[in-house]
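K.L.:
got a sequence here, can you model it:
(2 chains)
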Amino acid sequence: MEHIRTPKVENVRLVDRISSKKAVLGTLYLTATHVIFVENAPDTRKETWILHSQISTIEKQATTATGCHLLIRCKNFQLLQLVIPQERDCHDVYISLIRLARPVKYEELYCFSFNPKLDKEERERGWTLIDLGEEYKRMGLPNDYWQLSDVNRDYRLCDSYPTELYVPRPATAHIIVGSSKFRSRRRFPALSYYYKENHAIRKANPGSDFIYVVDTRPKLNAMANRAAGKGYENEDNYSNIKFQFIGIENIHVMRNSLQKMLEVCELKSPSMSDFLWGLENSGWLRHIKAIMDAGIFIARAVAEEGASVLVHCSDGWDRTAQVCSVASLLLDPHYRTLKGFMVLIEKDWISFGHKFNHRYGNLDGDPKEISPVIDQFIECVWQLMGQFPCAFEFNERFLIHIQHHIYSCQFGNFLCNSQKERRELKIQERTYSLWAHLWKNRADYANPLFRADHSQAQGALRLPAAPCNFTYKFWSGMYNRFEKGLQPRQSVTDYLLAVKEESQQLEEELEALEERLEKIQKVQLDHSGVRSEQREASKHPGFSTSDHSTANTPQDYSGNAKSFPSRSPSQGDEDSALILTQDNLKSSDPDLSANNSDQESGVEDLSCRSPSGGECAPSEDSGKDRDSDEAVFLTA
Amino acid sequence: MEFSELIRTRQAQAELLSGPEAPALRGTLCVTGHHLLLSPKPQATDLWLLLLRSVDSIEKRVAGDSGTITLRCKDLRVLQLRIEGVEATLDVARSIEGLRLGDAWHFHPLESYYKRVALETDAWRLSEVNEDFSLCPSYPRVVIVPRAVDDAALARSARFRQGGRFPVLSYHHARSGTALLRSSQPLIGPKKLRCAEDEELLGAVLAGARPGAQGFIVDTRSAQTAKQARMTGGGTESKAAYPGWKRLHRPLERGRHLQESFVRLVEACGDLEQSMDQWLSRLDSCRWLAHVQEALSTACLAAQGMEREGACVLVHGAEGMDSTLLVTSLAQLILDPLSRTMAGFQELVEREWIQAGHPFQLRCAHSAFSHARSKHEAPTFLLFLDCVWQLGRQFPLSLEFGEGLLLALFEHAYASPFGTFLCNSEKERCLCEVRTQTHSLWSGLNQSKEQRKLRNPLYVLNPSALWPSVEPQSLRLWQGLFLRQTRPPERSEEVWEKVWQIVTDEKTEDSRPVVSAPEPQP
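P.N.:
Numbering: from 1, shown residues only, chains lettered A, B, ... in the order given. I've put the predicted structure just below:
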């Protein structure tokens, strides 16, 4: 609290990103955990809540006649533009947020104060929902080839690995210690996934003829690493290995790529060409494809060639995690279920020491360590969902919420850089588990199209070795997710979930009625007529779908030149009803839902869409033609 | 199309004799748009079903208070229906007679649309001035024009417009009391000619709209191009001559350039070797999605002008047969909930593309692979379908038809066993006797077996306007069409099937109600 210089600023304007003229007046509050903007409009008093840990950058822009501009960019891709009347207030807010957004110790994070009003027992149960011991058992371990090793007890050998690791039976503690000394950060080869037939990722199975060694770096980077005393396996020194480089770029390239793509997303009314060119230039989809290609390569090696695969990069906690989890997802239908996906993240990311704190900047740290590594994995899953719409038990909202909470620090799961640190901080005793929270709300995350019976869900997902580029799409549901106007205005998923729920209710009711009828019939055997009182169809209120559709107002179709002199700013507002039901993010999370409630309101004022109002430059054509009315509008 | 008008009676009590040996089937006879049904008991799932198109000849006889209808079928079966009531017998017979032809050729979209307009306003009338196609060879026989303008004035206005395409009503927006019109460019020429009747016509449009309405002329060419057109006798309305009308220029790609865009897109979609970056830059350089964006935003602008500004809108380019129709038909889809139904959309395509004289024969002679390029090909209609697909993607519950119908229309526009897309205009179709020589696509599409592919199971009537987002992030490549060669269609079919199952609450395929069609006996 001592960092809050001013807890409340009045008469702040929240500017709509697309139409700069449209803004709502309200009050800005700074609390120990959130930035809250409350609109003045008495009937709605809409609230926008932003967690401090979501704040990525704060930019103080030039002061104008209307006030001081403050631009807040969030890690969940929300963008907030505020205009604060007094320069002094703006400065205070800015300084406060700079500090609040960069906590220096874990205790400052939201999860230590977040209290969802669960008792101790419930909280503990939440932490046991995902059990990696169970998961290894499910894979069929231990078996003749693999055993649980206690070599890393108390994190003696490798402090970024978990204590429970599976290693080949013949590998003695001595061998493992030797190997760990030879590996960067002592991250010796350990089992990630065991494909029940006879194969495994991350470490070889002694039974197969050869193993693939997949280095996920570009060859050039790996060679450069040699100079630093690291590098890649020399094929002469290992028997029966096949070496494969897969060019996934490093975290710095990825960070810049995301940055470039977000700049494209922020463009004001870009042309199709600006957008496509910018998307290409960012290289983002190329990187996504590289990760997918690596995952596909491994999945094919394991499933089709029956080979084991050792995957590594430099330290084995970024690209390796991405690639192993993509491959596991392709191979094993279990990971395509709600719970299985949580297990997958728990196993490949959390337990194997992906550095969440560094990568996602939970605590103030080196900005060069930050990189959207798990974001890329989550996007890979989304891309796969697009190609296999019936193969996943969960929906897009599930992925978006996981992404949100990786940054939110509302739950303890993603804190710290390793299991060791989490144990030391006693995370499980002091915070809540996200998995339990998601599981409780699983109805919201279900994919109505999921077919558990189906071949897609049964075995490995078959993809061509070189998947076509066109299958990779820009994910506006993630990167533009707070701009509701850009998203489909009606949700098929929600509609189908509602239909399913309703028909299930009806069925239950029918069953109950049939039972009752049977009873009545038994009782009234000697009576001739059976009353049919219960037979009338129960009228359900039903799900209103017309609601979805009305949240819809015209946008800027007029390009730069203004087309219509608007007669009054608020005409035809019958379409402007604010509809919450279509929100991508349902009300299960206060932080998630509060933010987007204000995206849709208000009718666009036709005339004030162009950023610079009256001085907007006339287009080439209309400038030459005096007769054209556009020129007249422009000067009007 | 709308068959309900042809059905005189929906139900009657009847007895069916399918042959001297077969037992009689007694029950309720139902007449639907395509079938004759006989259901023995009120709740029976076992139905007798006959496709009306299979009736070759029909004979009726009445005696006492019942009648007999003899149906001789195309598969050589002879069926007898004994029906209670003389009136019922005659009505059923007449219904079958009307429906069995099964063709939608008798369907007159303009007349039926006019009926709707007439209920909303009396400012418009149906004119038969083009009865013999002499005034405008590319217009249909009847057009909807302002009531205040007589046929003589229309004739003079037609002479002032390229190809005789004088301004006619495309859509009347009842809620705002405004109208959407289309025409071709005025023949102003280098001498800046004027035409009093043409000016009178547009003046009458404003006078007939809501009081104080102004007008917008959306020219689908750039101001520069429109001005240059004067050199070749064309041009665009001058402000002084048309009081109350303001002009906007929204250049849309057309003709050869649009065709090249299509060809380049298909080329790019067929290249499996390219890298991710190459793909994106080719997608950019073929400019197809940019054309989609421009077309949609121009249509939205026209719709917005009517709905939000309460203005009348006239759309034209040069000939008024391509991008003009693209804009007017999309604007209707945005504004009019009826045009988003299965029947309404078919009517829209019939009225705004086929009857409106889009030269399908010239435009769709070749598709994207042909090397023989004449200058007339242009995928304007395909661009329209793509825009509709985008609308459906952004509002997945608001269109009664699915991607299947759009794909079918695309295929039939380029090659079809039906006559619907034949020729370039109504006049040519009359000369070629298309209506008597061929079958209509609409009746083909409305066969019940096609419905599951064509209909959108998620459809819920949405009474408001659909304002799509035209930001690049919101527009997608239509994969179902452009990537049909490289992507297996099974997956999307599977999704479609699954959605149907959820919506109709089917547990498995076989638990569907049993409908037993009469199988031909060996």
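K.L.:
please name the nearest non-neighbouring residue to A:Tyr136.
P.N.:
A:Tyr166 (6.3 Å; Cβ to Cβ, 6 or more residues apart in numbering or on different chains). Glycine gets a C-beta too; all of them are placed from N, C-alpha and C.
K.L.:
just checking, what packs against the host helix or strand of that neighbour?
P.N.:
Counting by DSSP states H and E, the element that carries A:Tyr166 is strand A:165-168. Here strand A:165-168 touches strand A:146-149, going by 3 or more Cβ pairs under 8 Å, 6 or more residues apart in numbering or on different chains; DSSP states H and E.
K.L.:
from the contact counts, what lies against the strand it packs on?
P.N.:
Here strand A:146-149 touches strand A:165-168, going by 3+ Cβ pairs under 8 Å, 6+ apart.
K.L.:
cutoff 10 Å now
P.N.:
Judged by 3 or more Cβ pairs under 10 Å, 6 or more residues apart in numbering or on different chains; DSSP states H and E, the packing partners of strand A:146-149 are helix A:132-139, strand A:165-168.
K.L.:
what is the burial count for the residue nearest to A:Tyr136?
P.N.:
Other residues lying near A:Tyr166 total 22 when counted by other Cβ atoms under 10 Å in any protein chain shown.
K.L.:
pretty sure it contacts A:Asp150?
P.N.:
No. Between A:Tyr166 and A:Asp150 there is no contact under Cβ atoms under 10 Å: 11.4 Å.
K.L.:
okay, now the unreliable bits of the stretch 401-550 of chain A?
P.N.:
Within the stretch 401-550 of chain A, the segments meeting pLDDT under 70 span A:454-458, A:464-468, A:526-550.
K.L.:
redo that, cut-off 50
P.N.:
A:529-550 (pLDDT under 50).
K.L.:
now the helices for it?
P.N.:
With DSSP state H, counting those that start in this stretch as the criterion, the stretch 401-550 of chain A has helices at A:419-425, A:427-430, A:434-440, A:455-458, A:476-479, A:492-523, A:546-550.
K.L.:
can the longest one be said to contact chain B?
P.N.:
Think helix A:492-523. Yes. Counting by Cβ under 10 Å from any Cβ of the partner chain, chain B is contacted by helix A:492-523 at A:492-497, A:499-500, A:502-504, A:506-507.
K.L.:
which residues sit in contact with the closest residue to chain A within the stretch 51-200 of chain B?
P.N.:
The minimum distance from the stretch 51-200 of chain B to chain A, using Cβ to the nearest Cβ, falls at B:Ser176 (8.5 Å). For B:Ser176, the residues meeting the contact criterion (Cβ atoms under 10 Å, 6 or more residues apart in numbering or on different chains) are A:572, B:209-210, B:213, B:305-312, B:335.
K.L.:
then B:Thr341?
P.N.:
So B:Thr341 contacts B:Glu347, B:Leu348, B:Leu399, B:Glu400, B:Phe401, B:Tyr459, B:Leu461 (Cβ under 10 Å, 6+ apart).
K.L.:
for A:Tyr407, same thing?
P.N.:
A:51, A:53-56, A:74-76, A:356, A:360-362, A:374-375, A:414.
K.L.:
one step back: wait, which of the helices of the stretch 401-550 of chain A is closest to B:Leu25?
P.N.:
helix A:492-523 (31.3 Å; Cβ to Cβ).
K.L.:
helices and strands around that closest one, which ones?
P.N.:
helix A:396-408, helix B:490-504.
K.L.:
where's the shortest one relative to the chain centroid, distance-wise?
P.N.:
Meaning helix A:396-408. Distance, stretch centre to chain centre, for helix A:396-408: 4 Å (Cα atoms, centre = their mean, to the nearest Å).
K.L.:
list the buried residues in that helix.
P.N.:
A:396-408 (16 or more other Cβ atoms under 10 Å in any protein chain shown).
K.L.:
kindly report the same for stretch B:377-389.
P.N.:
So for stretch B:377-389, counting by 16+ other Cβ under 10 Å, buried means B:377-389.
K.L.:
what's the answer for stretch B:59-73, then?
P.N.:
So, applying 16+ other Cβ under 10 Å, buried residues of stretch B:59-73: B:Lys60, B:Val62, B:Ser66, B:Gly67, B:Thr68, B:Ile69, B:Leu71, B:Cys73.
K.L.:
circling back to that earlier point, between the contacts of A:Tyr407, which is nearest A:Gly231?
P.N.:
Taking the contacts of A:Tyr407 together and measuring to A:Gly231 by Cβ to Cβ, the closest member is A:Ile374, at 26.4 Å.
K.L.:
OK, contacts around the nearest residue to A:His404 once chain neighbours are set aside?
P.N.:
In space, and not counting its chain neighbours, A:His404 is closest to A:Asn76: 5.0 Å by Cβ to Cβ, 6+ apart. Neighbouring residues of A:Asn76 by Cβ under 10 Å, 6+ apart: A:50-51, A:54, A:56, A:400-401, A:403-408, A:478, A:481-482, A:591-592, A:595.
K.L.:
show me the domain layout of the chain.
P.N.:
Since no chain was named, I'll use chain A. The record assigns chain A these domain ranges, following the TED database: A:8-102, A:112-141+A:191-495.
K.L.:
to clarify, I was referring to chain B.
P.N.:
B:11-98, B:121-478.
K.L.:
partner residues bridging the closest residue to A:Phe243 other than its chain neighbours?
P.N.:
In space, and not counting its chain neighbours, A:Phe243 is closest to A:Val213: 5.2 Å by Cβ to Cβ, 6+ apart. Residues in a beta bridge with A:Val213, per DSSP bridges, are A:Phe243, A:Leu310.
K.L.:
measure A:Val213 to A:Ala299 for me?
P.N.:
Separation of A:Val213 from A:Ala299 (Cβ to Cβ, to the nearest Å): 16 Å.
K.L.:
more crowded one of these two?
P.N.:
Between A:Val213 and A:Ala299, counted using other Cβ under 10 Å, the more crowded position is A:Ala299 (25 against 21).
K.L.:
identify the residues contacting that one.
P.N.:
A:195, A:201, A:309, A:323, A:326-332, A:460-463.
K.L.:
closest approach to chain A from the stretch 351-500 of chain B, which residue is it?
P.N.:
B:Pro472 (3.5 Å).
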